[in-house]
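J.: Quick one, what's the 3D model for this:
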Amino acid sequence: MIPQHFIQDLLARADVAEVVGRHVQLKKAGINLKGLCPFHGEKSPSFIVSPTRQTYHCFGCGAHGNAIGFLMEHGGMGFMDAVRDLAQQVGMTVPEDDSTPEEREHAKAAKARQATLNEVLAQAGEHWRKQLKVNDRAIAYLKRRGLSGEIAARFGMGYAPEGWRGLASAFARYDDPLLAEAGLVIVQGEDGAEQKRYDRFRDRIMFPIRSVQGEVIGFGGRVLDTGEPKYLNSPETPVFVKGRELYGLFEARHALRERGYALVVEGYMDVVALAQLGFPNAVATLGTACGEEHVKKLLRFTDRIVFSFDGDAAGRRAAGRALEAALAHASDTRSIKFLFLPPEHDPDSYVREHGTQAFEACVEQAVPLSRQLIEAAREGTDITTAEGRARLLATAKPLWQALPDGALKRSLLGELTALGQLPLADLADLWGVRAARPVPAPGVPRPPPRRPARTVMRRPEDNAARLLLLHCQWWGELGTAEHELLCERPDWHGELFRWLDRRLHDQGPQPWSVLREPLLAEPWGAQAAALIETLDVEVEPLLDDLRATMTQLASADLTAAAYRALGRV
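T.: Numbering: from 1, shown residues only. Okay, the predicted model is just below:
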């Protein structure tokens, strides 16, 4: 693990505006920079980069983070890769972690082996691409499926010829253990003369599976005629885990942002055909059900996902698994839908028969996640009976609970209440949640409105906390008496100022992007962070504001002391 202090130093040295500016055209907008959000399609810029906070924020889709987060979201990188990339940009060397020399050596060897496996897989892919160009039967098959040479080249498609040892002509050593480890060659029997080796993929159209970075990590092969299995995938290897990867994501990554949504289909051929027909934003799972890892990976690129399934029983079951995977990520700013085509069609055939506009209309009319949740809960139930309604609510409860808190979740509670024919308060009590205040019936006087909650940062303590977290170097501008005044505040404010004093003493001034993570680890961290993250980003704090705040704080304390003295008289 990379030491935390290095991450903080890295964020302190990096400039988020420079990092983002390499990928987004930014223009000056007051104290900030503004541009079109790279994470969802928009025509009017709502993407703000704040040099003061060293963060970015989109008011359209809610994307938010620091320089490392941007590299992860925009480039589809993991945390470690993003740290290394950013460190290279600013001229820093990522330090060794606290693991033992043996563990570091093992990790280094594993990484080198993964790179070697990627090279072996890429070499096999290149060999099969050449074979496709000279095999009339394979070319004729692709033409029958309506695929062009251009789209086949874009996806790196190839052909694995008939024969047991076709890869022997692609590699100097057919008995190289790497061929078996990469899943290209099957080995049977013990070492020696009796051992047999043969190609895993034979007489199949080959689809390279690429990581988000573009490295070949595996293959899918489809039979040309009849035969089983129709699709054959690489086995799991050190570089390929089916449950984490999506076919076509590397090729679709830019189209996902341009089109504004991801279309998840069931097969490789659907992905390639749709790309040729005007839907380059299609991806597919690799013979497995759509899982949470797939959903999280897609949401790095877009806030809209449309799952496309056949309308038969198998398609409904697959939709159920996709629903469960997506629930935890269905926030109020995201759209997740389910498209069910007629049983006689897959996306490819539907577009070819009815045209792109008809398919676009199907996408627009796809079933929203909220409705799919209700349909899944009421499947097989008779809601005209009390037993059926009870079963519906019992089925819906874990699905509803998986949703993140927000307007969608609360709205769904009302719909389920209506379907279950239970008062909202009863269902909320049954499920252990706090019920919303009921809406009076027409003609019934509404209760007097509650007194609005105090606006954040009315108190001088809030203002001081906000200003010092954004510009912690201003702590040095305050005197000892002012330090004591802040550190002795009651509640969590005093804990915050004491924490800030210790951190400045140990590590010196740091930007908010560095302070935020360790701050959130404190019990009161979320309250402190809210003082900054709910602010108008167009207002630039000034040192004079802090001085005025300290005057207000001292005056308030004097007034309170005077009232206490009067109370004792």
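
J.: which regions of the protein sit below the pLDDT cut-off?
T.: Residues of the chain that meet the criterion pLDDT under 70 lie in 1, 96-101, 103-104, 106-108, 110, 192-193, 434-458, 533-541, 558-569.

J.: list the helices and strands the longest helix along it packs on?
T.: If you go by DSSP state H, the chain has its longest helix at helix 101-133. Using 3 or more CB pairs under 8 Å, 6 or more residues apart in numbering; DSSP states H and E, the elements in contact with helix 101-133 are helix 136-144, strand 158-160, helix 177-181, strand 204-210, strand 216-223. C-beta here means a position set from N, CA and C on the backbone, and glycine is covered the same way.

J.: List the buried residues for stretch 182-200?
T.: Of the residues in stretch 182-200, those scored as buried under the neighbour-count criterion (16 or more other CB atoms under 10 Å) are Ala182, Gly183, Leu184, Val185, Arg197, Tyr198, Asp199, Arg200.

J.: cool, stretch 318-332 as well?
T.: Neighbour-count burial for stretch 318-332, counted by 16+ other CB under 10 Å, picks out Ala318, Ala319, Gly320, Ala322, Leu323, Glu324, Ala325, Ala326, Leu327, His329, Ala330, Ser331.

J.: Now do the same contact list for the last one.
T.: Spelled out, that is Ser331. By CB atoms under 8 Å, 6 or more residues apart in numbering, the residues touching Ser331 are Gly62, Pro404, Gly406, Leu408.

J.: Look up the closest residue to the first one, ignoring the ones flanking it.
T.: Using CB to CB, 6 or more residues apart in numbering and skipping residues adjacent in sequence, the residue nearest Gly62 is Thr333, 4.4 Å away.

J.: and the one you found, that's in a helix?
T.: No: in this structure, Thr333 is coil, not part of a helix, as judged by DSSP: H, G, I helix; E, B strand; the rest coil.

J.: residues touching it, list them.
T.: If a contact means CB under 8 Å, 6+ apart, then Thr333 has Cys61, Gly62, Asp303 as its contacts.

J.: top of these by neighbour count?
T.: Each of the contacts of Thr333 was scored by neighbours using other CB atoms under 10 Å; the highest score is Asp303's, at 24 neighbours.

J.: In this structure it contacts Arg334, no?
T.: Yes: the pair Asp303 and Arg334 passes the contact test of CB atoms under 8 Å, sitting 4.6 Å apart.

J.: Which of the helices or strands spans Glu517?
T.: Assigned by DSSP states H and E, Glu517 falls within helix 512-520.

J.: Show me what counts as buried in that helix.
T.: Of the residues in helix 512-520, Trp512, Ser513, Val514, Leu515, Arg516, Leu519 count as buried by neighbour count, 16+ other CB under 10 Å.

J.: surely Leu504 meets Leu478?
T.: No: because the distance of 11.2 Å does not satisfy CB under 8 Å, Leu504 is recorded as not touching Leu478.

J.: From His40, how far off is the residue nearest to Gly62?
T.: Per CB to CB, to the nearest Å, Thr333 is found 9 Å from His40.

J.: any common contacting residues for the two?
T.: By the contact definition CB under 8 Å, 6+ apart, Thr333 and His40 are jointly contacted by Cys61, Asp303.

J.: so who does Phe338 touch?
T.: Val306, Phe307, Phe309, Ala319, Ala322, Leu323, Ala366, Val367, Leu369, Gln372.

J.: could I get those as CSV with secondary structure and distance to Leu419?
T.: Rendered in CSV, the data for the contacts of Phe338 read as follows (DSSP: H, G, I helix; E, B strand; the rest coil; distance: CB to CB, whole Å):
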residue, secondary structure, distance to Leu419
Val306, strand, 25
Phe307, strand, 23
Phe309, strand, 24
Ala319, helix, 20
Ala322, helix, 22
Leu323, helix, 17
Ala366, coil, 22
Val367, strand, 16
Leu369, helix, 16
Gln372, helix, 14
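
J.: Farthest pair within these?
T.: The most widely separated members of the contacts of Phe338, counting by CB to CB, are Phe309 and Leu369 (13.8 Å).

J.: I would like the residues contacting stretch 206-219, please.
T.: In this structure, residues lying in contact with stretch 206-219 by CB under 8 Å, 6+ apart are 75-77, 81, 118, 121-122, 124-125, 128, 132, 155-160, 183, 201, 220-222, 233-234, 237, 239-240, 245, 247, 249-251, 253, 268, 272, 286, 297.

J.: Show the buried residues in those residues.
T.: The neighbour-count criterion (16+ other CB under 10 Å) marks 75-77, 118, 121-122, 124-125, 128, 132, 155-160, 183, 201, 220-222, 233-234, 237, 239-240, 245, 247, 249-251, 253, 268, 272, 286, 297 among those as buried.

J.: For the longest helix of the chain, buried residues please.
T.: For helix 101-133, a neighbour-count test (16+ other CB under 10 Å) marks 117-118, 120-125, 127-129, 131-132 as buried.

J.: JSON lines for these, including distance to Leu531?
T.: Converted to JSON lines, the buried residues of helix 101-133 look like this (distance: CB to CB, whole Å):
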{"residue": "Leu117", "distance to Leu531": "49"}
{"residue": "Asn118", "distance to Leu531": "46"}
{"residue": "Val120", "distance to Leu531": "53"}
{"residue": "Leu121", "distance to Leu531": "50"}
{"residue": "Ala122", "distance to Leu531": "51"}
{"residue": "Gln123", "distance to Leu531": "56"}
{"residue": "Ala124", "distance to Leu531": "56"}
{"residue": "Gly125", "distance to Leu531": "53"}
{"residue": "His127", "distance to Leu531": "60"}
{"residue": "Trp128", "distance to Leu531": "58"}
{"residue": "Arg129", "distance to Leu531": "57"}
{"residue": "Gln131", "distance to Leu531": "63"}
{"residue": "Leu132", "distance to Leu531": "60"}
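
J.: Nearest to Ser148 among the residues you listed?
T.: Ranking those by separation from Ser148, with CB to CB as the measure, puts Leu132 on top at 12.9 Å.
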